[in-house]
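Visitor: can you look at this prediction? I've put the sequence above it.
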Number of protein chains: 2
Amino acid sequence: MSTQRIAALEGRITNEMRYVATQESLTAEEVCASLASGESVIPANPGHTSLKPKGIGKPFTVKVNANIGTSLACNDPDLELAKLEAAIEAGADAVMDLSTGEGAGELRKRIIETSTVPVGTVPIYDAALQAFEKNGDPSLFRPEELFEAITRHAEEGVDFVTVHCGVTRSCVDKVRRSGRVTRIVSRGGSLLAAWMEREGKENPLYTRYDEMLEILRKHDVTISLGDGLRPGSGADATDPAQIEELVTLGDLTLRAWEAGVQVMVEGPGHIPLNQVQANVVLQKRLCHGAPFYVLGPLVTDVGAGYDHITGAIGGAIAGMAGADFLCYVTPAEHLSLPDIDDVRRGVMASRIAGHAVDIARGNKAAVQRDLEMSRCRAALDWNGQIAHALDPAEVKRRLADRRNLDDVCSMCGKLCAMKVFS
Amino acid sequence: MSTQRIAALEGRITNEMRYVATQESLTAEEVCASLASGESVIPANPGHTSLKPKGIGKPFTVKVNANIGTSLACNDPDLELAKLEAAIEAGADAVMDLSTGEGAGELRKRIIETSTVPVGTVPIYDAALQAFEKNGDPSLFRPEELFEAITRHAEEGVDFVTVHCGVTRSCVDKVRRSGRVTRIVSRGGSLLAAWMEREGKENPLYTRYDEMLEILRKHDVTISLGDGLRPGSGADATDPAQIEELVTLGDLTLRAWEAGVQVMVEGPGHIPLNQVQANVVLQKRLCHGAPFYVLGPLVTDVGAGYDHITGAIGGAIAGMAGADFLCYVTPAEHLSLPDIDDVRRGVMASRIAGHAVDIARGNKAAVQRDLEMSRCRAALDWNGQIAHALDPAEVKRRLADRRNLDDVCSMCGKLCAMKVFS
């Protein structure tokens, strides 16, 4: 079985490349060259039959991922399917199913069956859930169970998997010695760290990395190298543990490329504003230009209830510096699982950040859309403004709520600048 | 009558300087030196007796302004007073009353009477409203009426006024010739431009600038030099008309300083992400380090319904580059007057941007607050997280909605990273 990467290296244009080329107003050859360089990926497991592929990385537009999924404390699969629909409707380019509730396997199959956008997962959650159910401790999984979970996800049609292969014993020791404020906040990272400390062994995803690459290559699952030691507070940002893991991820990127597997690299997390750019520059350099998939980043720790905004600020700055893929953060972050409205607001916030970056990068379609919106504004063409807005339904709702679609807006009334000076 | 600036130049410490020094953890002498340099202002009209003064500029924390006020199409003074209360409760550092509805004068008095934060206004709206009521055209005001409005506001206790003194005939000609997408979007700018084109005369706020400074000095009203030609779309950003006006504002800044009047300079508006920093650097250089008061800036034109987020992104980047004072943008921007919830969300979005900048600049109190929040997170101390959040009520509401305040969060349930690796 081949992968998009192998095809690209051989100069073979695939249907997925053609589809992405049309979406991005590029030639299929340009898409192919970008994939071959490793600067982009098209996560597209052939088993995911409902997929409309997306390109992530250079030279494509910035993409947005929405996390959904149950937890043990909040397990309503139908609600998660409704979130999937809301996320796609709001314009998410990918979703990750982070389910950890009972029945997560069944839900995952339904999500893959339904989703038109690439689906990502974190297979270690499956192994942890089994361990928790069997032994009452989620870190009591066996490495075999972890590899079985990866195989299962790959066979079921998952397009990309987060695997925390860079969480080595050396980095975890650094966390222990560093006096971090929020030790480990990645669930996958914490599970592996706990397993390693108890067993006194190295991370199996690191020691058996080549074996894992074989599984992923077989189904063209894109590897998303997780940042298990990402900072969970601004005070921990860009610390030795985080950067040592990133150095390892750079090495693992090369090994995945050699194996013909598509790679993205995940990034933080909580990062003060003045460190965001440096984090992107570092990742791009250390990971040889592989696409950078950032979680936020969150530029303050105190924005709970509004972390979609905190994340949009960080995402925009990261995007300007070269980040390619923004994982949304919802207003529920740090507090609870998001509801459907949170999902929608999270996607919109990240889309605004991504779109602003596309404009700044000179993407023609993005610039044109803004231009058309502003022309409608100057013409007081309210229906045109609805049509060109990122969220037409929300604009329509707000306009209907407060004024008729005539040419008077309640903001200025007859003192409209557009009319006073026309 | 003296001003904070005159006192600072004479090395006299005022009560307002002392109050601000305590708020900012600085010495009164540091505040005094900053005011004397012109890099900061304390808008504090002695007639505004309920005021708790705020410092705006270097070396203070970033401040946030909330616009409120009626329009002819939406005139409910009690609602605006409720917005005033909501804005202050949400943490706004200043409010601007932009009322243009009938009875605006009465409402302004009530706002000044009630507001504990500095109050700003745009006196030309008064003159325009009178002209509209008398002649059906808001630009048919007489210069005398404009100066009467400025005097009236100063006497009533307004702390800062936006006056579009830099909108000269030359800049307006540039707008006409440039093929701007959204010609003039500042109401004050459009009124003056229409007046000048009809009368064939120069802007009276420019020709009679010294006379105006006399009025403002008498009541220590801080002048906020409006950017009447600010871009209303990304396509118009940083264009010759905008920059010519900014050059003029730099000159007017020096003249105000010579007259003992405190000065801020207002800035855009719609600015693509990659031009925000340049705009701040330009303003700081051309306006001799005077505080920069930005509206957003909005980094895309298509975010209607979510422009508080678009503005928070721009505000954070502007703040990093040196902007001092963020005018909030609400989710209602471009669509209608905001309601109370919009006001709250607008203030919070700008506060997140400002706080993120304060952290990036190394402000000790800001860094400490984040650190304490993160310590509570690591300890799963939910009440501590409520206490340290920017919006404790919202965090409390979200936690109460979805889970009890015990140590299990619905996001991860038993798979909590903090517990798995502790």
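Guide: Cool, got the structure. Predicted, not measured: the structure shown is a model, and the values here were computed from it. Numbers count the residues shown, from 1 in each chain, chains lettered A, B, ... in the order given.

Visitor: make it CA atoms for all contacts and neighbour counts henceforth
Guide: Will do.

Visitor: mind jotting down where the strands sit in the stretch 51-200 of chain A?
Guide: Applying DSSP state E, counting those that start in this stretch to the stretch 51-200 of chain A gives strands spanning A:56-57, A:63-68, A:94-97, A:119-121, A:160-163.

Visitor: what about the last one, average pLDDT?
Guide: When pLDDT is averaged over strand A:160-163, the result is 98.

Visitor: next one: the third one
Guide: Strand A:94-97 shows a mean pLDDT of 98 in the predicted model.

Visitor: likewise the fourth one?
Guide: Rounded to a whole number, the mean pLDDT of strand A:119-121 is 98.

Visitor: close to chain B, is it?
Guide: No. Shown here: strand A:119-121 not in contact with chain B (C-alpha under 8 Å from any C-alpha of the partner chain), separated by at least 15.1 Å.

Visitor: and A:Glu148, how many neighbours?
Guide: Residues lying near A:Glu148 (other C-alpha atoms under 10 Å in any protein chain shown) number 17.

Visitor: how about the strands of the stretch 51-200 of chain A in JSON lines, adding distance to B:Pro297 and mean neighbour count?
Guide: Listed next are the strands of the stretch 51-200 of chain A as JSON lines, based on distance: least, C-alpha to C-alpha, whole Å; neighbours: other C-alpha atoms under 10 Å in any protein chain shown:
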{"stretch": "strand A:56-57", "distance to B:Pro297": "27", "mean neighbour count": "26"}
{"stretch": "strand A:63-68", "distance to B:Pro297": "23", "mean neighbour count": "27"}
{"stretch": "strand A:94-97", "distance to B:Pro297": "29", "mean neighbour count": "26"}
{"stretch": "strand A:119-121", "distance to B:Pro297": "35", "mean neighbour count": "27"}
{"stretch": "strand A:160-163", "distance to B:Pro297": "36", "mean neighbour count": "26"}
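
Visitor: how about TSV for those strands, with distance to B:Ser25 added?
Guide: As requested, those are exported to TSV (distance: least, C-alpha to C-alpha, whole Å):
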stretch	distance to B:Ser25
strand A:56-57	45
strand A:63-68	41
strand A:94-97	45
strand A:119-121	48
strand A:160-163	45
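
Visitor: A:Asp391 is nearest to which of those strands?
Guide: Among the strands of the stretch 51-200 of chain A, strand A:63-68 comes nearest to A:Asp391, with 15.0 Å by C-alpha to C-alpha.

Visitor: could you see whether chain B lies near the closest one?
Guide: No. Strand A:63-68 stays clear of chain B (C-alpha under 8 Å from any C-alpha), getting no nearer than 10.4 Å.

Visitor: what does that strand rub up against?
Guide: A:56, A:80, A:83-84, A:87, A:92-99, A:324-329, A:343, A:346-347, A:350-351, A:354 (C-alpha atoms under 8 Å, 6 or more residues apart in numbering or on different chains).

Visitor: average pLDDT for that strand?
Guide: pLDDT averaged over strand A:63-68 gives 98.

Visitor: can you give the strand pairings for that strand, parallel or anti for each?
Guide: The strands beside strand A:63-68 in its sheet (DSSP bridges) come out as strand A:94-97 (parallel), strand A:325-327 (parallel).

Visitor: tabulate the ones you listed (TSV), appending distance to B:Phe132.
Guide: Converted to TSV, those look like this (distance: least, C-alpha to C-alpha, whole Å):
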stretch	distance to B:Phe132
strand A:94-97	52
strand A:325-327	49
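
Visitor: for burial, what's the neighbour tally of the closest residue to chain B within the stretch 101-250 of chain A?
Guide: Chain B sits closest to A:Arg187 of the stretch 101-250 of chain A, with a gap of 4.7 Å, by C-alpha to the nearest C-alpha. By the criterion of other C-alpha under 10 Å, A:Arg187 has 24 neighbours.

Visitor: and the most centrally placed residue in chain A, what does it touch?
Guide: When C-alpha atoms, centre = their mean is applied to chain A, the residue found nearest the centroid is A:Cys327 (3.5 Å). A:Cys327 sits next to A:64-67, A:293-296, A:350 when contact means C-alpha under 8 Å, 6+ apart.

Visitor: from those, pick the one nearest A:Thr207.
Guide: Nearest to A:Thr207 among these, counting by C-alpha to C-alpha, is A:Tyr293 at 23.9 Å.

Visitor: hmm, who's touching the helix or strand hosting that closest one?
Guide: Using DSSP states H and E, A:Tyr293 sits within strand A:292-295. Counting by C-alpha under 8 Å, 6+ apart, strand A:292-295 makes contact with A:57, A:264-269, A:280, A:283-284, A:311, A:315, A:318, A:322-329, all of which sit outside it.

Visitor: what about A:Leu9, how many neighbours?
Guide: For A:Leu9, using other C-alpha under 10 Å, the count is 17.

Visitor: A:Ser186 too?
Guide: Number of residues near A:Ser186 (other C-alpha under 10 Å) recorded here: 22.

Visitor: ditto for A:Val357
Guide: A:Val357, neighbours per other C-alpha under 10 Å, totals 30.

Visitor: past the helix or strand containing it, which element shows up next along the chain?
Guide: Applying DSSP H and E as the criterion places A:Val357 in helix A:340-360. Note on helix A:340-360: by DSSP H and E, the next helix or strand toward the C-terminus is helix A:364-378.

Visitor: that next one to helix A:340-360, inter-axis angle?
Guide: Counting by axes from the mean of the first three to the mean of the last three C-alpha atoms, to 10 degrees, helix A:364-378 points 100 degrees away from the direction of helix A:340-360.

Visitor: identify each buried residue in helix A:364-378, please.
Guide: Buried residues in helix A:364-378, defined by neighbour count with 16 or more other C-alpha atoms under 10 Å in any protein chain shown: A:366-367, A:369-378.

Visitor: of the residues you listed, list those near chain B.
Guide: Answer for the buried residues of helix A:364-378 near chain B (C-alpha under 8 Å from any C-alpha): A:369-371, A:373-375, A:377-378.

Visitor: can you put these in CSV and add distance to A:Phe132?
Guide: Formatted as CSV, those follow (distance: C-alpha to C-alpha, whole Å):
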residue, distance to A:Phe132
A:Arg369, 49
A:Asp370, 50
A:Leu371, 54
A:Met373, 52
A:Ser374, 55
A:Arg375, 57
A:Arg377, 56
A:Ala378, 60
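
Visitor: in chain A, where is pLDDT below threshold?
Guide: A:402-408 (pLDDT under 70).

Visitor: domain assignment for it?
Guide: Chain A breaks down into these domains under automatic domain parsing: A:42-360, A:379-420.
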